[in-house]
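next one to model:
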Amino acid sequence: MKATAPGASGAGPEEGRISHADRMTVFLAILLALLLAALDQTIVATALPKMVEDLAGVERYTWVATMYLLASTSLALVYGKLADTYARRHVTLAAVGLFLGGSVACGLAGIAGPLPLLGDGMSQLVISRGIQGIGAGGIFAMTFIVIADLFTPAERGKYQGYVGAVFGVSSVLGPLLGGLLTDHAGGWMAGISGWRWVFLVNLPIGGVALWHILRRMPLLEAAPGATRPDFVGAGLLIGGLAPLVLGLQIDKQASPWLPWLASASAAAEGSAAGGGWQLWATPGLLALSAILLTAFVRRSRAVTGPILEPRLFSEPVFRRATLATFFFGAAFISVNIFVPLFLVSTRGVSATEAGVVLIPFSLGIVTSATLAGQVASRIGYRRQIVAGTAVFFLGAALLARMDADTAYGQVYLYMTLCGLGAGPGMPLFTLAIQNATDVRFVGQATSASQFFRQTGATVGAAAMGAVLTFTLAATFGVLDNELRDRTGGRVTAQAYVSTGGVGLSEAILAAFEERAAEAGTSDRADALRTEGVRVARDSAERVRLAFTGASHRIYWMAAFLTLVAGLLAARIPEIPLRRTHDRAKMEGKEAEA
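Sure, this is the predicted structure:
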């Protein structure tokens, strides 16, 4: 390919500096890297138990996923500023390189035993997942930013629709691939466990993407006069987001939202563990986050080259679309996480059967995201987003009416509706923002869209988790007194809140078996065993009803969040999609100057 660095002449990409074939090659390479990064959000779920078993790190179980989320979320806005300051090929190559390097490090974690500074195998895995997440955050942001450079806004919708389809496919494919590789890839290479291939398989596939980006992608240099990033502001942003994500993710049984909301057992454990500091962990982390993020906002208004340009918020499309994506992300994650939990807890189905219900959700996303992108140039973005949120609202409202007797066919239908409704917003919110934004700040605006959606998902998951926990805690609180009396103090229901009631029935039966063994007569022993079966059955039914009630609350909240997103979307101005390249417009401004 013969290409001049864009910015070296006045023509846009459509005028020959990058051929259509090269544009499509770069697009497919970026899409391939995105697929790997999106898969790694979910692929570890089914491989985690084996990882923990091999590396002996059960107490750090959740950190494998949390570290990836933390790194990818915290760096999103930073990558947007880097893309507006430096050549986008360099930023993209760095992101893909970090992701692949982190993948290799994850796959090799613990093989050489404990290492200086890095610790044991589990610590190595957690640190490597952070490196992987840093790269993934760049891939998520740069995908949309590079698409904006390659295609005009009028063309862009159909290509960004494929991006939405990638996210939809990865949400279902990830857990399936994780399980298959963990169970069957152990024989591929001597001494390499199957779960390690969950990470190592990224190397050959990602290598192909990296090669084509290196060979075919032009530099895509920054706009003239771009200012260097404010690295102090970046530090404040990352420092503020880290405690926010941690505060939302940590176990709310051990570290409640407020210390006085802790159960008696959690308060006693917290005091015994270290003076009760665990009870203050969540509010302390959230307070620290608020302080640092406030400092970030104040600094951004005062310095040259802020990580997120404050002037962007004066644009109505950017302001309303980013706020809508926040609520959209919260509603989306509610459907994705809690429907399988509802089915397992109320219907007693297996994890595999519960996971299958996500397939129609993902197929709905793939279908509507792709179609919405294809027709965006003809009918615009606002009507499609609003129509999508209306369908999403209907699906969430129907989910809120489910009970244990709801037929599987109905659940599939409701999930299909949610997927069809969620799909259009995935590419079109970003398209609307890019079309309205000053081309000098398109990187920051694009990454902000991804950032607010992901932050909304994080906050939404924490909020819905709190609803579930509080609902279960109320039910278990009533059960607690009853079971203490009926089992002679042998069973404490509150101890099973964190497991969702798993093991409670077995504990009740074991307690009554102990009482039966102490009975003076066989008739009394039989009566106690019969009573134990009845109490265990009644308790299980009450837990099931508690899950049903919590699910109703969660999905009505998801419907409300979808409604808010739709109302905000309805107020996004409909600006005709430009048919000129952003770079041609950027260079036109340079010529005028």
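
just give the closest residue to Pro566, not the sequence neighbours.
Quick fix: residue 566 is Gly, not Pro. Distance criterion CB to CB, 6 or more residues apart in numbering; nearest residue to Gly566, sequence neighbours excluded, is Thr389 at 3.3 Å. Where you see a C-beta, it was placed from the backbone N, CA and C, and this is true even at glycine.

neighbours of that neighbour, just the number please.
Using other CB atoms under 10 Å, Thr389 is surrounded by 28 other residues.

wait, Leu118 touches Leu125, no?
No: Leu118 is not in contact with Leu125 according to CB atoms under 8 Å; the separation is 9.8 Å.

please tell me how far the residue nearest to Gly566 sits from Ser377.
Using CB to CB, to the nearest Å, Thr389 is found at 21 Å from Ser377.

count the residues that sit near Arg440.
With other CB under 10 Å as criterion, Arg440 counts 18.

and it, that one's in a helix?
Yes: with DSSP: H, G, I helix; E, B strand; the rest coil as the criterion, Arg440 is part of a helix.

report the buried residues of the helix or strand harbouring Ile508.
Taking DSSP states H and E as the criterion, Ile508 maps to helix 504-517. Within helix 504-517, the residues scored as buried using 16 or more other CB atoms under 10 Å are 504-505, 507-512, 515-516.

if we can go back for a sec, neighbour count: Leu118 and Leu125, which is higher?
Counted by other CB under 10 Å, Leu118 and Leu125 do not tie: Leu125 has more neighbours, with 30 against 17.

shouldn't that one be in contact with Val64?
Yes: using CB under 8 Å, Leu125 makes contact with Val64 at a distance of 6.2 Å.

who touches both of the two?
Both Leu125 and Val64 are contacted by Met51, under the criterion CB atoms under 8 Å, 6 or more residues apart in numbering.

how many other residues sit next to Trp211?
Counted with other CB under 10 Å, Trp211 comes out at 11.

also Thr85?
As a burial measure, Thr85 scores 18 neighbours (other CB under 10 Å).

tell me how far it lies from Gln278.
According to CB to CB, Thr85 stands 41 Å off from Gln278.

now Val357
For Val357, the distance to Gln278 - CB to CB - is 36 Å.

before we move on, what about Gly549?
28 Å.

which of those two has more neighbours?
A direct count of neighbours by other CB under 10 Å for Gly549 and Gln278 places Gln278 higher, at 21 against 17.

my guess is that one contacts Ala254, does it?
Yes: judged on CB under 8 Å, Gln278 makes contact with Ala254 at a distance of 5.4 Å.

give me the element Gly305 is part of.
Here Gly305 is assigned to no helix or strand, by DSSP H and E.

OK, contacts around Val502?
Tyr496.

an error on my part: the question was meant for Thr42.
Thr42 is in contact with 170-171, 174-175, 178, counting by CB under 8 Å, 6+ apart.

any idea how far Gly207 is from it?
22 Å.

try Gly501
Gly501 is 46 Å from Gly207, by CB to CB.

kindly report the same for Ser255.
To Gly207, Ser255 is 41 Å away according to CB to CB.
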